[in-house]
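**Q** Provide a 3D model corresponding to the input given below.
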Amino acid sequence: MQLNLRTDYALRMLMVLAAKDEVLSIDWIADHYAISRNHLAKVAQDLAAAGFVETQRGRGGGLRLARPPSQINVGDVVRKLENTTGFVACMGGKEDCVIDGACGLKPALSGALNAFLAHLDQFDLAQITGSRSRFLQQLATEKA
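**A** Numbering: from 1, shown residues only. Below is the predicted model of the structure:
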């Protein structure tokens with residue numbers, strides 16, 4: 001399974017917010033990750049709507065985590081940002097499948113998807129961010 005780019009950016013955004021533990025502008029995050037500001041702005045809206053970040057408008061505004069990193073589950077983030085119901089047609093996609101119910105693909109893929117998400121449920125944002133100082137040092141090194 002491959003996560004969409006929006007989910008990738010969301011996880012990166014959440015990790016830097018966890019590491020910095022302060023209000024960060026989208027421009028700052030975009031600059032340090034070398035990612036389009038417009039893409040990150042859309043991701044920030046999704047994260048705010050899902051309750052993972054809070055936004056502050058105006059001078060000195062930006063984003064911050066809505067709760068401590070240890071209370072943000074990685075599996076929850078992925079579920080909010082990925083369309084897992086349309087993994088394949090027979091799992092709730094927009095198209096019907098003519099062999100739905102007659103093959104073993106649906107339970108096989110459903111089991112794999114559930115195992116993937118269950119594995120991600122074992123991790124919170126604090127765990128995947130790791131050492132804050134090392135994370136920020138690496139981020140600064142990559143920017144240079």
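**Q** Confirm for me that R37 is in contact with D27.
**A** Yes: using C-beta atoms under 8 Å, R37 makes contact with D27 at a distance of 6.0 Å. C-beta here means a position set from N, CA and C on the backbone, and glycine is covered the same way.
**Q** list the helices and strands the lowest-mean-pLDDT helix or strand in the chain packs on?
**A** Within the chain, no helix or strand scores below helix 132-143, which has a mean of 83 by mean pLDDT, DSSP states H and E. Applying 3 or more C-beta pairs under 8 Å, 6 or more residues apart in numbering; DSSP states H and E, one finds that helix 132-143 contacts helix 5-20, helix 26-33.
**Q** Run through the helices of this protein in chain order.
**A** 5-20, 26-33, 37-49, 74-81, 105-120, 125-129, 132-143 (DSSP state H).
**Q** closest one to R67 among those?
**A** helix 125-129 (9.3 Å; C-beta to C-beta).
**Q** circling back to that earlier point, which one, of the helices and strands packed on helix 132-143, ends up nearest to G75?
**A** helix 5-20 (11.5 Å).
**Q** Return the set of buried residues in that closest one.
**A** 6-7, 9-20 (16 or more other C-beta atoms under 10 Å).
**Q** for the chain, what are the low-confidence residue spans?
**A** Residue ranges of the chain with pLDDT under 70: 86-89, 92-95, 142-144.
**Q** most remote residue from it's center?
**A** A102 (34.7 Å; C-alpha atoms, centre = their mean).
**Q** on that earlier part again, would you list the buried residues of helix 5-20 in CSV and tack on distance to H32?
**A** Shown next, in CSV, are the buried residues of helix 5-20 (distance: C-beta to C-beta, whole Å):
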residue, distance to H32
R6, 18
T7, 19
Y9, 13
A10, 16
L11, 15
R12, 10
M13, 10
L14, 14
M15, 11
V16, 7
L17, 12
A18, 14
A19, 11
K20, 10
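**Q** ok, the residues you listed vs G62, which is closest?
**A** Nearest member of the buried residues of helix 5-20 to G62, counting by C-beta to C-beta, is L17, at 9.3 Å.
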